[in-house]
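1. Quick one, fold the following:
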Amino acid sequence: MEIIHNGVELAAVGLEALAVVIMIFFILFGTARWLWHSMSKFEAAYENYRLVLGKTLLIGLELLVAADIIRTVALDMTLLNIGLLACLVAVRTFLGWTLTVEVEGRWPWQRS
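-> Numbers count the residues shown, from 1 in each chain. The predicted structure follows:
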């Protein structure tokens, strides 16, 4: 049982680390790309930069939610932890929706 517990904890920590690595990499990559392209066409480069940052944050948030769900459901399923998870998911869902509006210009449930 201890092996399963450690494996699930490792999976949750791995997802969190992956989220952080993805966000840092694409923020640095997007910033470097923006600096390079902004020399010639600033407006278009800025719009692309915003898209890269928004999509990066969305992916990172989704991975962090997945890690929280794994940790809560598989390891510490108490009423307090489930309530905290619900609050975290609600906040991150709201952030995801606002980022979607910012990136795509529409709510997630609206047609493009």
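2. Which other helices and strands does the helix or strand that residue 80 is a member of contact?
-> Assigned by DSSP states H and E, residue 80 belongs to helix 79-104. Helices and strands touching helix 79-104, by 3 or more CB pairs under 8 Å, 6 or more residues apart in numbering; DSSP states H and E, are helix 42-74. Every residue, glycine included, has its C-beta placed from N, CA and C.
3. now the helix it packs on and helix 79-104, what's the angle there?
-> 160 degrees (axes from the mean of the first three to the mean of the last three CA atoms, to 10 degrees).
4. Point out the other helices and strands that helix 42-74 packs with.
-> So helix 42-74, by 3+ CB pairs under 8 Å, 6+ apart, packs with helix 2-37, helix 79-104.
5. any idea of the angle the first one forms with helix 42-74?
-> Put simply, helix 2-37 runs at 170 degrees to helix 42-74, going by the same axes, to 10 degrees.
6. Quick check: mean pLDDT of the helix holding residue 80?
-> Helix 79-104 carries an average pLDDT of 86.
7. Indicate which one of the helices and strands packed on helix 42-74 is closest to residue 64.
-> Nearest to residue 64, of all these, is helix 2-37, at 5.0 Å by CB to CB.
8. residues of that closest one that come out buried?
-> 12, 15-16, 18-19, 23, 26-27, 30, 34 (16 or more other CB atoms under 10 Å).
9. Could I get those in a markdown table, plus columns for pLDDT and distance to residue 46?
-> As requested, these are arranged in a markdown table below (pLDDT from 0 to 100; distance: CB to CB, whole Å):
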| residue | pLDDT | distance to residue 46 |
| --- | --- | --- |
| 12 | 92 | 36 |
| 15 | 94 | 31 |
| 16 | 95 | 30 |
| 18 | 96 | 28 |
| 19 | 95 | 25 |
| 23 | 95 | 20 |
| 26 | 94 | 16 |
| 27 | 94 | 15 |
| 30 | 91 | 11 |
| 34 | 90 | 7 |
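10. wait, isn't residue 62 in contact with residue 95?
-> No - at 10.7 Å, residue 62 does not count as touching residue 95 under the criterion of CB atoms under 8 Å.
11. quick revisit: would you mind putting the helices and strands packed on helix 42-74 into CSV with distance to residue 55 alongside?
-> Converted to CSV, these look like this (distance: least, CB to CB, whole Å):
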stretch, distance to residue 55
helix 2-37, 8
helix 79-104, 6
